[in-house]
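>>> Generate a structure from the sequence data that follows.
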Amino acid sequence: MPTYEWRRLWTSVSISDRLERVSTEAALLWTWCIPHMDDYGMIQGEVGHIKAIVVPRMDWTKDQIKGYLDELFRENLLIMHNNVIEMQENAIECKRMIIEMVAFQKHQPPGNGKHRRKSELYEIVYKVDTGYKKSGKKQEGIMQDNVRRCNGNATECKNPLEEKRKEKKRLENENIKGSSVAGFGMTTPAAPASEDSPPLSAKDASLQFKKIVADLKAKQNQKEG
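Below you'll find the model as predicted:
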């Protein structure tokens, strides 16, 4: 797994409630893990690996490091994907321990400044291809700001982009149904649902409905008159 010479460290780290609840040693371990994560915030999770790569010159024992990691897991600063099955070329199953840093992709740019480099660990956990197309488009399932969360179980993954599309369609359907004009057999066009223009509230929809009915009655009275 490649490591990188630098990563970003945001000023919000100084006022983090979750970091405040862990020991100084655990907070230091979390901070030092950042430059050793791959572009998807993943690192091999064996305690011996963390000691050898992240804190090789600290006189911490493996038991101490395990305790610091447990603090970070409890505060949801890190996620442990335990006993993740990796199929090797000889069709033998290999169980891996992989640690993921929460919200890593949201706060860290790609290591080379252009696109995220392939992550074998991310692929093992989330069963997606992290390869980068030369056309500049990301492969299906690769999201920079919307990271898939599986709670350690790859069979329960949900695609945030797909969920967002479904929610948008649902709001559009609700707008269409809510704009029907009772008694006149007419419907008013619903405003397209988007992130910048949320659906009408019940009060606004009611006012819009009353206005439409009043306009229709006025036109009907003009014809009768």
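
>>> For the lengthiest helix in the chain, name the packing helices and strands.
Identified as the longest helix of the chain according to DSSP state H is helix 202-224. Helix 202-224 is packed against strand 180-181, with contacts defined by 3 or more CB pairs under 8 Å, 6 or more residues apart in numbering; DSSP states H and E. Backbone N, C-alpha and C define where each C-beta goes, glycine included.

>>> The strand it packs on - what's its average pLDDT?
Mean pLDDT, computed over strand 180-181, is 47.

>>> for stretch 124-143, same thing?
Here the average pLDDT along stretch 124-143 is 58.

>>> Can you list the buried residues in the longest helix of the chain?
For helix 202-224, a neighbour-count test (16 or more other CB atoms under 10 Å) marks 205, 209, 212 as buried.

>>> Same check on stretch 17-28?
For stretch 17-28, a neighbour-count test (16+ other CB under 10 Å) marks 19, 22, 25-27 as buried.

>>> cool, and stretch 101-120?
101-102, 104-105, 107-108, 111, 115-119.

>>> Alpha carbons only: can I get the one helix or strand residue 85 maps to in PDB?
Using DSSP states H and E, residue 85 sits in strand 78-87. What follows is strand 78-87, C-alpha atoms only, in PDB (Å, rounded to 0.1, in the frame of the first residue of the first chain):
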ATOM      1  CA  LEU A  78     -12.000   5.100  12.800                       C
ATOM      2  CA  ILE A  79     -14.000   2.100  11.600                       C
ATOM      3  CA  MET A  80     -12.600  -1.400  11.900                       C
ATOM      4  CA  HIS A  81     -13.600  -3.800   9.100                       C
ATOM      5  CA  ASN A  82     -12.700  -7.100  10.800                       C
ATOM      6  CA  ASN A  83     -12.300 -10.500   9.100                       C
ATOM      7  CA  VAL A  84     -13.000  -9.100   5.600                       C
ATOM      8  CA  ILE A  85     -12.700 -11.900   3.100                       C
ATOM      9  CA  GLU A  86     -10.300 -11.400   0.200                       C
ATOM     10  CA  MET A  87     -10.300 -13.900  -2.600                       C
END
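
>>> next helix or strand past that strand?
Taking DSSP H and E, what comes next after strand 78-87 is strand 93-101.

>>> what about stretch 7-16, how long is it end to end?
18 Å (CA to CA, to the nearest Å).

>>> For that stretch, what does the pLDDT average out to?
Here the average pLDDT along stretch 7-16 is 89.

>>> All further residue positions should be reported with the first residue as 512.
New numbering, starting at 512: the last item is stretch 518-527.

>>> what's it in contact with?
By CB atoms under 8 Å, 6 or more residues apart in numbering, the list of residues contacting stretch 518-527 from outside reads 530, 542, 545-546, 548, 618-620.

>>> repeat that with 6 Å
With CB atoms under 6 Å, 6 or more residues apart in numbering as the test, stretch 518-527 has contacts from 545-546, 618-619.

>>> Buried residues in that stretch, which are they?
So, applying 16+ other CB under 10 Å, buried residues of stretch 518-527: residue 518.

>>> And for stretch 580-589?
Buried, per 16+ other CB under 10 Å, within stretch 580-589: 580, 582-583, 586, 588-589.

>>> what domains does the record give for this protein?
522-669, 687-735 (automatic domain parsing).

>>> For those, which has the smallest mean pLDDT value?
domain 687-735 (a mean of 65).

>>> OK, contacts around residue 632?
For residue 632, the contact set (CB under 6 Å, 6+ apart) comprises 553, 609.

>>> Can you tell me who residue 589 pairs with across the strands?
Beta-bridge pairing for residue 589 (DSSP bridges): residue 612.
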